[in-house]
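J.: Model the following, please.
(one chain, ligands or ions: 1)
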Amino acid sequence: MQQLFRVLDPGTEDWVLARQIDPSRLPAHVAIIMDGNGRWAKRRLLPRVAGHKAGIDSVRSVMETAARLNLEALTLYAFSTENWKRPKSEIDTLFRLLRFFLRQELATMMEHNIQLNAIGRIEDLPEAARDELHRVIGATSGNTGLKVNLALNYSGRSDIVDGVNRLIEEARAQGQLGALEISESVLDGALSTAGLPDPDLLIRTSGEMRISNFLLWQIAYAEIYVTNTYWPDFRCGDLLRAILDYQKRDRRFGGLSALERVQTEDRALEAEAIPAR
Ligand code: FPP
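T.: Predicted structure coming up:
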């Protein structure tokens, strides 16, 4: 948090928001469905791709804020397996923008000790984008701070299918296919997010109440935060607002809240104190 206060001017809205955050209860992993680029552009009578271009500034701002907050992981849904249905010109621009983003933001990633990773069927991306991605992943691989995962050609269902197939292939190669048993932790370790904590907070911009095939397995207990803000307008303050909202939630993971637990224990003690007839 100290790093964040270093760049916030006292009295500004972002500073006031940051002051309200409890640093001991930050989410370890934040995942974001970046939505509303097209509507942002339409509202300004601009082509859709202008919204994607403007969205790069939001990616930088969120990455920097997450690094300054010392979060462990940030996963951004940048291109889904369903996005191939868009016009070719929009897809081409999205991958051109990805290359531009990677070239431009490598310095930001190095400055903030960010390790970049990609999740999804990366092998099917256009070659130039794939090469740039591998270059930046390699260049940041020694960084030990925030892990930024770009979900590209990603879907939650394909992640699970690929994970199961990987397990089957490995077991077959070892002649152990008959003995293969899949448990939650085994499947967890075969997914693209292996080794990362599950997202604590899932943010979706632009007001849509959908998961859109994102991290289906991993968001089992994520707190969901939907904001009407379009992605190109999403900045540091919006991330802080989402975290503040998250900190108000009572996370029970299917159990009882801390208060309910105390009340239940009190009632059990009272019950014990009642003499049996
Ligand atoms: C959804 O908005 C956004 C996308 C499909 C692409 C996300 C891409 C970026 C934020 C640009 C750059 C990112 C990187 C990592 C280089 P939409 O087009 O579906 O918006 P709409 O629902 O308003 O039409």
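
J.: Show residues contacting stretch 210-223.
T.: Stretch 210-223 is contacted by residues 27, 31, 33, 75, 77, 80-82, 151, 154-157, 159-160, 187-188, 191, 193, 198-202, 204, 246, 249, 251, 253-254 when judged by C-beta atoms under 8 Å, 6 or more residues apart in numbering. C-beta: built from backbone N, CA, C; applies to glycine.

J.: How about the residues of the stretch 151-277 of the chain by the ligand?
T.: Listed as neighbours of the ligand in the stretch 151-277 of the chain under the rule C-beta under 6 Å from any ligand atom: 206, 231.

J.: one step back: from the contacts of stretch 210-223, which land in strands?
T.: 31, 33, 75, 77, 80, 151, 154, 201-202, 204 (DSSP state E).

J.: re the thing from before, name only those of the contacts of stretch 210-223 that count as buried.
T.: For these, a burial check counting by 16 or more other C-beta atoms under 10 Å picks out 27, 31, 33, 75, 77, 80-81, 151, 154-156, 159-160, 188, 191, 193, 198-202, 204, 246.

J.: Only alpha carbons, please: show the host helix or strand of residue 50 as CSV.
T.: Per DSSP states H and E, residue 50 falls inside helix 48-68. These are the backbone C-alpha positions of helix 48-68, laid out as CSV (Å, rounded to 0.1, in the frame of the first residue of the first chain):
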residue,chain,number,x,y,z
ARG,A,48,-15.3,0.1,-32.0
VAL,A,49,-11.6,-0.4,-32.2
ALA,A,50,-11.1,3.1,-30.7
GLY,A,51,-12.6,1.6,-27.6
HIS,A,52,-10.1,-1.3,-27.6
LYS,A,53,-7.3,1.2,-28.1
ALA,A,54,-8.5,3.4,-25.2
GLY,A,55,-8.8,0.2,-23.1
ILE,A,56,-5.0,-0.2,-23.1
ASP,A,57,-4.7,2.8,-20.8
SER,A,58,-7.0,1.1,-18.3
VAL,A,59,-5.0,-2.1,-18.5
ARG,A,60,-1.8,-0.2,-17.6
SER,A,61,-3.6,1.7,-14.8
VAL,A,62,-5.0,-1.4,-13.2
MET,A,63,-1.8,-3.3,-13.6
GLU,A,64,0.2,-0.5,-11.9
THR,A,65,-2.4,-0.2,-9.1
ALA,A,66,-2.5,-3.9,-8.4
ALA,A,67,1.3,-4.0,-8.3
ARG,A,68,1.4,-1.0,-5.9
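
J.: returning to that earlier point: could you dump the ones in strands among the contacts of stretch 210-223 to TSV with distance to residue 56 and pLDDT?
T.: Formatted as TSV, these follow (distance: C-beta to C-beta, whole Å; pLDDT from 0 to 100):
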residue	distance to residue 56	pLDDT
31	19	99
33	17	98
75	17	99
77	15	98
80	18	98
151	16	98
154	19	98
201	22	98
202	21	98
204	19	98
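
J.: which among those residues gets closest to residue 262?
T.: When the ones in strands among the contacts of stretch 210-223 are compared for distance to residue 262 (C-beta to C-beta), residue 201 wins out at 26.1 Å.

J.: how far away is the nearest residue to residue 225 once chain neighbours are set aside from residue 96?
T.: Of all residues not flanking residue 225 in the chain, residue 242 sits nearest, at 4.6 Å (C-beta to C-beta, 6 or more residues apart in numbering). Distance, residue 242 to residue 96, by C-beta to C-beta, to the nearest Å: 29 Å.
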